[in-house]
Structure formats: structure tokens, C-alpha cells
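Undergrad: turn this into a structure:
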Amino acid sequence: MTLIGVDDTDSRELGMCTTYVAARLAERVREHGGHVERTLLVRLNPAVEHKTRGNAALAVHCDLPPDEALELAADALDRAATADPRTNPGAVVADARPETVPDAVADVARRAVREHVDLNDVRDVLETAGFETAERGMGRGLIGATAAVGAWAAFDEWTYECISYRERDRWGTDRDVDYDSLFAAADDGYPDVWDTVDRDEGAAVCVPRTPCPILHGIRGDDPDAVRAVAERIESEPVARRHTFVTNQGTDAHLRDGTIGDLQEGRAYRVTGTVASAPETREGGHVFVSLEGDGGELRCAAFEPTKRFRDRVRTLRVGDRVTVCGEVGDGTLKLEKFAVRDLVRTERVTPDCPDCGRSMKSAGANAGYRCRDCGTSADGKVERETEREIEEGWYEVPPVARRHIAKPLVRGGFDAPTHPEQ
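TA: Have a look, this model is predicted:
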């Protein structure tokens with residue numbers, strides 16, 4: 001089998017998209033008599049500096065001879081190259097089965113999703129593996145292209161996305177999508193199809209706002225289901241559709257960590273105890289600190305996470321939680337969290353046992369007394385309190401979710417879930 005990896009053909013301003021390049025490349029493979037077994041869409045570490053919003057790398061698994069595949073890949077880079085100086089495309093062609101690529105190549109995939117990878121290290125891996133390459137500019141896209149080639153061996157969990165593309169003369173213009181049909185299709189497809197819309201915000205999550213070729217992208221656990229939802233959406237003409245196998249919605253970027261031992265630019269799953277009451281700061285951002293393992297960690301639910309911030313605001317000092325998110329500038333940017341144990345009592349001024357009124361302070365270190373009845377108490381007492389949150393997992397809404405973050409509706413979590421739709 002021949003594996004073709006491509007990356008960094010996107011432009012933030014000029015609108016090209018690597019998924020489109022891969023879809024067209026798969027079409028050209030078929031035009032040259034080849035069979036395409038699958039097309040992978042691999043979301044890489046969302047915290048790296050050089051990325052577009054989705055940070056996707058692509059791979060086409062086919063049976064075309066490697067030399068022909070390299071010609072097509074190089075031509076794809078030429079067709080996609082833009083005037084954006086930050087776009088540095090790369091392509092990798094491997095004569096290998098996707099599940100048996102060298103361990104070093106699979107390791108590049110794992111590291112590209114979870115940490116930072118050096119281009120020179122990747123070049124050494126490719127030289128040792130004997131894989132062919134094509135590049136434009138300084139070739140930074142070779143990192144993602146190599147990761148895409150190694151991803152099938154590196155990861156076990158996969159989902160699907162059906163992407164519909166616009167006619168070329170419409171690129172960069174406002175998209176014409178009927179939202180009534182979109183929301184109806186999303187409702188019918190849920191929960192096998194997820195993150196299509198955000199019902200509370202009334203947002204069409206699947207419709208991008210960039211000048212890229214994508215009309216909409218439908219994600220889910222079943223390839224037939226995502227295609228069915230895509231076909232039900234009424235819109236401007238669709239130039240082509242392509243269904244990708246992807247690591248979206250899998251939490252592949254998360255690693256288990258401990259407070260006090262976290263690195264910048266990585267994403268973690270960390271457990272700790274709430275150390276300070278949540279604080280809402282200018283801009284509507286909510287911050288809360290955790291302690292554990294000899295350290296303290298500041299966590300943030302930023303304004304774009306909308307109603308998720310209300311969940312964070314209900315936390316109290318002493319609650320035990322597991323938090324997930326990317327670490328940057330010493331702060332973990334919350335994607336989801338699990339309440340493990342809730343503080344269910346609070347220290348309060350005692351009530352008089354005779355009249356039921358709240359006692360008053362009797363003076364410094366003198367406890368409390370009821371001025372009417374003369375009864376006294378040594379100090380504050382424990383009282384059960386109602387909590388506005390339950391144990392289990394909570395997540396940011398679809399409108400704020402990273403492509404790679406796993407929606408709670410997919411299941412497989414270690415506690416009850418409270419999914420957002």
C-alpha cells in the first residue's frame with residue numbers, strides 16, 4: 001500500500017484548506033486508476049504556534065505506485081501553494097502498510113498530537129525510513145505529513161467527518177445554508193452525529209466562517225450517519241463531498257498529569273482540590289485554582305465557553321475535581337472537568353435551640369449567644385448545604401469545543417456525564 005501525507009497547505013487569510021487538497025488528491029488517485037482505501041484527517045496539537053484553527057494533517061491510503069503518488073502529491077502542493085508566507089507545505093509518500101510503519105514514524109504522530117516536534121528530527125526519521133518527500137517554502141508541513149502517515153499505527157480510536165465543499169467561484173463569499181434544515185438534520189442525527197449545532201446558542205457549529213472551500217463539516221461516530229445528515233441540509237450547490245476517518249472527538253491530545261509537573265503547550269488530564277473560590281474577571285472570564293501534589297494550578301473558563309462558566313462558578317473550596325485542557329502561560333484552559341467529590345457542609349453561625357433565631361457573636365473567642373434566650377454556643381457549627389452541581393463530567397458547549405476534544409455524548413467516561421448540545 002502507498003501512504004500519502006500532506007500538511008500546511010492552509011492559509012488563514014487566503015482560504016485554502018488541507019482537507020480540500022486531500023479530497024482532490026484522492027480524486028486524482030482514482031483518476032489514475034488507483035483505489036483509495038481511506039483518507040485520514042488528523043488533528044494535531046492545538047497548542048502549537050504554527051497552526052491554523054483546526055491544525056489538521058491529512059493522509060490518503062491507496063494502492064497507486066509510490067512514484068506516481070509522489071508526482072500527484074507534488075502537483076497537489078503546487079496547486080495549493082498560496083502567497084501566504086506562513087504556508088509551508090510538505091508531502092510524504094511511504095511504500096508501507098499503515099499499521100506497520102516504523103515505530104519512529106508512529107512516534108512522530110503521537111508527539112505531533114500531544115507535544116511539539118522539531119522539523120530536523122522529522123527529516124532524520126524520514127531519511128531513516130526511506131520515505132519520499134516533496135516540500136515548498138521551508139517545508140514545515142513535513143511534520144504534519146509524517147504524523148498523518150504514522151497516525152493509523154499510533155492511535156486506535158477514530159470517528160468520521162463528511163465535508164461538503166463549495167463551488168470555487170463562491171470561495172470567500174457568504175455561505176448560503178438553510179438553518180432550519182440544518183438544525184432539523186442535526187436533531188435527527190444526534191447522538192451518533194454530534195457538534196453539528198449549538199442549540200442553546202443557536203449556532204451552526206458545522207459551518208465555518210473563514211474564506212476556506214468548506215461549506216459544512218458533519219462529525220460523528222458512523223460514516224453513513226454523517227453522510228445522511230450532510231445530504232439533508234439545504235444550501236447552495238455542493239461541488240463535492242468527502243468522508244474522512246479522523247481522530248476528532250477522541251481526546252487524543254490529552255495525557256495524564258500531576259499538578260506542579262505540567263509543561264506549556266501540552267494538554268492534560270489532572271486531578272486536584274479546589275483551593276480558592278471561582279473568580280469572574282474583566283471580560284467575563286472565570287478563574288479557579290486547584291492544589292495537589294505539592295503545587296497549585298490556575299484554571300480558566302474563558303468567555304467563549306459561555307454557559308460552561310456557570311458550572312465552574314458553582315465549585316467551592318474543598319471540592320475534588322479532574323480538569324482537562326491545554327496549558328499556556330501557566331493556566332489550564334478548561335475543556336471539560338469532572339466533579340469527583342463535593343463539599344456538602346458549611347460552617348455557619350448557630351441558631352438558638354430555644355427560639356430558632358441566629359445567635360450573635362459574644363465577643364472575640366467567646367463563641368455565640370442568643371441575646372433573647374441567653375443560650376450560648378462555643379463556635380460555628382456544620383450544616384448541610386444544597387449544591388447546584390452534581391458529581392460527574394461537564395464540558396464546554398459545542399460552539400467552544402476544540403475539534404479533537406471528546407464530546408461527553410460519545411460515552412466511555414469514568415463518571416456520569418452531563419452533555420452539552
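
Undergrad: quick check: Leu119 vs Val42, distance?
TA: Distance, Leu119 to Val42, by Cβ to Cβ, to the nearest Å: 17 Å. The way it works is simple: take the backbone N, C-alpha and C, and place the C-beta from them, glycine included.

Undergrad: looking at those two, which one has more neighbours?
TA: Val42 (32 against 17; other Cβ atoms under 10 Å).

Undergrad: quick one: the more buried one from Ala56, how far?
TA: 7 Å.

Undergrad: tell me, what's touching the two both at once?
TA: Gly144 (Cβ atoms under 8 Å, 6 or more residues apart in numbering).

Undergrad: name the element Arg38 belongs to?
TA: Element membership of Arg38, judged by DSSP states H and E, is strand 36-43.

Undergrad: now the following helix or strand past that strand against strand 36-43, angle please.
TA: Where DSSP H and E defines the elements, the next helix or strand beyond strand 36-43 is strand 56-62. Here strand 56-62 runs at an angle of 170 degrees relative to strand 36-43 (axes from the mean of the first three to the mean of the last three Cα atoms, to 10 degrees).

Undergrad: list the contacts of strand 56-62.
TA: Contacts of strand 56-62 (Cβ under 8 Å, 6+ apart): 1-7, 10, 18-19, 21-22, 25-26, 29, 34-44, 69, 98, 112, 141, 144-145, 147-149, 151-152, 244, 403.

Undergrad: any of these buried? List them.
TA: 1-7, 10, 18-19, 21-22, 25-26, 29, 34, 36, 39-44, 69, 98, 112, 141, 144-145, 147-149, 151-152, 244, 403 (16 or more other Cβ atoms under 10 Å).

Undergrad: just those residues: which are in strands?
TA: Secondary structure from DSSP state E places 2-7, 36, 39-43, 244 of the buried ones among the contacts of strand 56-62 in strands.

Undergrad: farthest-apart pair in those residues, please.
TA: Thr2 and Arg43 (23.1 Å; Cβ to Cβ).

Undergrad: tell me the mean pLDDT over stretch 184-192?
TA: Stretch 184-192 shows a mean pLDDT of 97.

Undergrad: can I get it as CSV, trimmed to CA atoms?
TA: Output in CSV follows, covering the C-alpha atoms of stretch 184-192 (Å, rounded to 0.1, in the frame of the first residue of the first chain):
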residue,chain,number,x,y,z
ALA,A,184,-33.6,19.5,11.9
ALA,A,185,-31.0,17.2,10.4
ALA,A,186,-28.8,17.7,13.4
ASP,A,187,-31.6,16.8,15.8
ASP,A,188,-32.4,13.6,13.8
GLY,A,189,-28.7,12.6,13.6
TYR,A,190,-27.9,13.1,17.3
PRO,A,191,-26.3,11.4,19.2
ASP,A,192,-24.5,9.4,16.5
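
Undergrad: buried set for it?
TA: Ala185, Ala186, Gly189, Tyr190, Asp192.

Undergrad: same question for stretch 193-207.
TA: Val193, Trp194, Asp195, Thr196, Val197, Asp198, Arg199, Ala203, Ala204, Val205, Cys206, Val207.

Undergrad: which ones are touching the fourth one?
TA: Residues counted as contacts of Thr196 (Cβ under 8 Å, 6+ apart) are Leu182, Ala185, Ala186, Gly189, Tyr190, Ala204, Val205, Cys206, Ile218, Arg219, Val229, Pro398.
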